[in-house]
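In: Here you go, sequence then predicted model.
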Amino acid sequence: MTKTLTRYSPEVRARAVRMVLDHRADYASQWAAISSIAAKIGCTAETLRRWVRRLERDAGLRDGVTTEERDRIRALERENRELRQANEILRKASAYFAQAELDRPMRK
């Protein structure tokens, strides 16, 4: 089973989320609004729900990590991983050169 990936432009995402927020009162629940609007714009209801939840988190209306914080955490984790790799390389190089120094004949 292959997963298809459809990218929606930021304008389409913003418009769809705005439609959900603007027309929320016209429906029995937020999920009903999301389902109806998702069918109109051609995405799945779950996709639109995630977009709405992300906007709510970013606006501080819902608990959770904002998009900006998530991007910062990813960057820090990437930097941490690179630094660990660099430290490992330096540790191995240090051990290699220390061993080479021990194997070298002494100068008189």
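Out: Sure thing, it's come through.
In: residue ranges of the helices in the protein, please?
Out: For the chain, the helices defined by DSSP state H occupy 10-22, 30-41, 45-58, 67-103.
In: a markdown table for those, including mean neighbour count and mean pLDDT?
Out: Bear in mind the C-beta positions are built from the backbone N, C-alpha and C, glycine included. Converted to a markdown table, those look like this (neighbours: other C-beta atoms under 10 Å; pLDDT from 0 to 100):
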| stretch | mean neighbour count | mean pLDDT |
| --- | --- | --- |
| helix 10-22 | 15 | 94 |
| helix 30-41 | 16 | 95 |
| helix 45-58 | 17 | 96 |
| helix 67-103 | 10 | 93 |
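In: so what are the domain limits for the chain?
Out: Split into domains by automatic domain parsing, the chain comes to 1-64, 66-108.
In: Next up, phi/psi of residue 104, please.
Out: Backbone torsions of residue 104, given as degrees, to the nearest 10, read phi -80, psi 140.
In: ok, it to residue 98 distance?
Out: For residue 104, the distance to residue 98 equals 11 Å [C-beta to C-beta, to the nearest Å].
In: Then residue 90?
Out: For residue 90 relative to residue 98 (C-beta to C-beta), the value is 12 Å.
In: and if you look at residue 81?
Out: Counting by C-beta to C-beta, the gap from residue 81 to residue 98 is 26 Å.
In: now swap in residue 22 and tell me
Out: Applying C-beta to C-beta to residue 22 and residue 98 gives a distance of 68 Å.
In: how far away is residue 22 from residue 33?
Out: Residue 22 is 9 Å from residue 33, by C-beta to C-beta.
In: for residue 75, same thing?
Out: Taking C-beta to C-beta, one finds residue 75 at 35 Å from residue 33.
In: Then residue 45?
Out: 10 Å.
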